[in-house]
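Student: what would the 3D arrangement of this be:
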Amino acid sequence: MTYSQTLEFLFNQLPAYHRIGKAAYKNDLNNIIALDNYFKNPHLKYHTIHVAGTNGKGSVAHMIASVLQEAGYKTGLYTSPHLKDFRERIKINGEMIGENDVVMFVKKHKGIIESIKPSFFEMAVAMAFNYFGECNVNVAVIEVGLGGRLDSTNIINPVLSVITNIGHDHMDLLGNTLEKIAVEKAGIIKNKTPVLVSETQSETANVFIKKANECDSPILFADTIYSCDLKQNENFSSERRYIMTELSTKNQFEGRTLLGGDCQSKNLQAVFTTFSMLKNNFEVSEEHIKEGIRKVVINTGLQGRWQILSTSPLTICDTGHNKEGLEIVLNQIQKIPKSVLHIILGFVNDKDLGSVLPLFPSDAYYYFTKASVPRALNEVSLKSQAAKYGLDGQSFSDVGTALDCARKNAKQSDMIFIGGSTFIVAEVV
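Tutor: Residues are numbered from 1 along each chain as shown. Next up, the predicted model:
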């Protein structure tokens, strides 16, 4: 089997949430436990850090991994979904798992895969944990896929559980209130294991405190430990300066980040607090933290977070796709001087459009489109729904054509934004 044939087997044989949505979601850990036993519990061979949350968990996971790399630790990183290549999900020191490693994993273990019939995500988690064990990593940063309590990654015993924030996403699976969603995210909290929550939210803070107390686990909220002042560059480039203030001592730390989104201030607070909490586990200096944050894109290959694709005209994409994430992105867009705003927009077909379309400005021109995944919402249907909220534009059957049209229409003083769905962004980065 070639790499492409292997992926075709995995995509066609295993239900994948990123392709078909809710039908691929498993509400128990039976399959992953069976796979973990089959591979002799590889995640017990190395330290792990578990990262959950609605928004920011990908950025936080990548930054933590980048800092650990700077400190000299052989660092595994498991994230999802991927943008271009399945192998983005499984990295060691920023290097993706080899194509041949993926092929040989499936070839060698095809019997157990066909016997258990795991979901695509369950199989990917098992592959990652096994690969990290075979490569003798010192530590692996593991991003939760969906929720927490029943997520396939939730078989690990981490040295720290990180929960970035709680927002309105996957409500059909996790619950229709922030409190219910928080209960699912809190499921990653383990006995006598430190817990870090990025953001103090009135609706959810007590959920985490209660769960941590039940588990006899110390808990901190990053925004009570640090505050972050994220400076804006005059030319709106992605590189930004930040000033981190330790609230108890008023000590300040200054650095730079290439993650230019306004949302990163909360994520930076989480990263700094992470290493305050792990000072007995890893030898990490302030310089390692600053360099890890500054070089996260280089070290880990993170893409799609307020990523500037062009400056003439200014063209930016961002993977923010739920109410809370899009609010921050759209507010940041509003601050940027421009003549006309062009928005290339697409969603998945199970998105609650009533919660996100009202956030978008009616004075922008829209290019409604769909990504090349089965879950993509039809562009004509999206255009019709958007019209109810005063959003006007054209529909395009693919992202590339929509972007070409926007570039032809946009003047140098205009701005193009591409987003709405991770899968839309995946086709332009």
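Student: so who does the nearest residue to residue 371 once chain neighbours are set aside touch?
Tutor: Excluding its sequence neighbours, the residue lying closest to residue 371 (CB to CB, 6 or more residues apart in numbering) is residue 423, at 3.6 Å. Every C-beta, even on glycine, is put in place using the N, C-alpha and C of the backbone. Counting by CB atoms under 8 Å, 6 or more residues apart in numbering, residue 423 touches 18, 346, 348, 371-373, 375-376.
Student: what mean pLDDT does the helix or strand containing residue 423 get?
Tutor: If you go by DSSP states H and E, residue 423 is part of helix 422-426. Confidence over helix 422-426 (mean pLDDT, whole number) is 96.
Student: with stretch 357-377 instead?
Tutor: Averaged across stretch 357-377, the pLDDT comes to 96.
Student: can you flag the buried ones in the contacts of residue 423?
Tutor: 18, 346, 348, 371, 373, 375-376 (16 or more other CB atoms under 10 Å).
Student: max pairwise distance over those residues: which two?
Tutor: Pairwise distances across the buried ones among the contacts of residue 423 (CB to CB) peak at 14.5 Å, for the pair 18 and 346.
Student: before we move on, the earlier item: switch the buried ones among the contacts of residue 423 over to TSV; also include distance to residue 7 and secondary structure.
Tutor: Below are the buried ones among the contacts of residue 423 laid out as TSV (distance: CB to CB, whole Å; DSSP: H, G, I helix; E, B strand; the rest coil):
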residue	distance to residue 7	secondary structure
18	13	helix
346	23	coil
348	21	strand
371	17	coil
373	14	coil
375	17	coil
376	19	strand
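Student: between those, which is nearest residue 214?
Tutor: Using CB to CB, residue 18 comes nearest to residue 214 of the buried ones among the contacts of residue 423, at 32.9 Å.
Student: tell me the confidence at that closest one?
Tutor: Taking residue 18 on its own, its pLDDT is 56.
Student: how about residue 248, phi and psi?
Tutor: The phi and psi values for residue 248, taken as degrees, to the nearest 10, are phi -70, psi -30.
Student: tell me how many other residues crowd the nearest residue to it once chain neighbours are set aside.
Tutor: Nearest non-adjacent residue to residue 248, counting by CB to CB, 6+ apart: residue 225, 7.5 Å away. As a burial measure, residue 225 scores 18 neighbours (other CB atoms under 10 Å).
Student: pLDDT at residue 225, what is it?
Tutor: pLDDT, read off for residue 225, is 97.
Student: correct me if wrong: it contacts residue 244.
Tutor: No: if you go by CB atoms under 8 Å, residue 225 and residue 244 don't touch, sitting 10.1 Å apart.
Student: from residue 296, how far out is the most centrally placed residue in the chain?
Tutor: Most central in the chain under CA atoms, centre = their mean is residue 58, positioned 3.0 Å from the mean C-alpha point. Per CB to CB, to the nearest Å, residue 58 is found 11 Å from residue 296.
Student: now the common contact residues for those two.
Tutor: By CB under 8 Å, 6+ apart, the residues touching both residue 58 and residue 296 are residue 302.
Student: residues in contact with the residue nearest to residue 248?
Tutor: 246-248, 269, 272-273, 276.
Student: ok, 10 Å please
Tutor: 196, 245-248, 269-270, 272-273, 276-277 (CB atoms under 10 Å, 6 or more residues apart in numbering).
Student: top of those by neighbour count?
Tutor: residue 270 (30 neighbours).
Student: what's the closest non-adjacent residue to that one?
Tutor: residue 198 (4.1 Å).
Student: repeat for residue 79
Tutor: Using CB to CB, 6+ apart, the closest residue to residue 79 is residue 143 (4.4 Å).
Student: and that neighbour, how far from residue 398?
Tutor: In terms of CB to CB, residue 143 sits 29 Å off from residue 398.
Student: and those two? Which one has more around it.
Tutor: Taking neighbours as other CB under 10 Å, residue 143 and residue 398 compare with residue 143 leading, 24 against 16.
Student: surely that one is in contact with residue 156?
Tutor: No: using CB atoms under 10 Å, residue 143 is not in contact with residue 156; the gap is 11.6 Å.
Student: now for those two: what residues contact both?
Tutor: Counting by CB under 10 Å, 6+ apart, the residues touching both residue 143 and residue 156 are 49-50, 78.
Student: from those residues, which land in strands?
Tutor: Cross-referencing the shared contacts of residue 143 and residue 156 against strands under DSSP state E gives 49-50, 78.
Student: which one of those residues sits closest to residue 316?
Tutor: The closest of these to residue 316 turns out to be residue 78 (CB to CB; 27.3 Å).
Student: now the closest one. Nearest residue, chain neighbours left out?
Tutor: Excluding the flanking residues, the one nearest residue 78 by CB to CB, 6+ apart is residue 128, at 4.3 Å.
Student: look up how far residue 92 lies from the one you found.
Tutor: Counting by CB to CB, the separation of residue 128 from residue 92 is 10 Å.
Student: repeat that for residue 192.
Tutor: Residue 192 is 29 Å from residue 92, by CB to CB.
Student: among those two, which residue is more densely surrounded?
Tutor: The neighbour comparison of residue 192 against residue 92 (other CB under 10 Å) goes to residue 92, with 20 against 8.
Student: isn't that one up against residue 299?
Tutor: No: using CB under 10 Å, residue 92 is not in contact with residue 299, being 11.5 Å away.
Student: and for the two, which residues touch both?
Tutor: 65, 69, 75, 77.
Student: three-state assignment of the nearest residue to residue 125 once chain neighbours are set aside?
Tutor: Nearest residue to residue 125, sequence neighbours excluded (CB to CB, 6+ apart): residue 152, at 4.4 Å. Put simply, residue 152 is coil when judged by DSSP: H, G, I helix; E, B strand; the rest coil.
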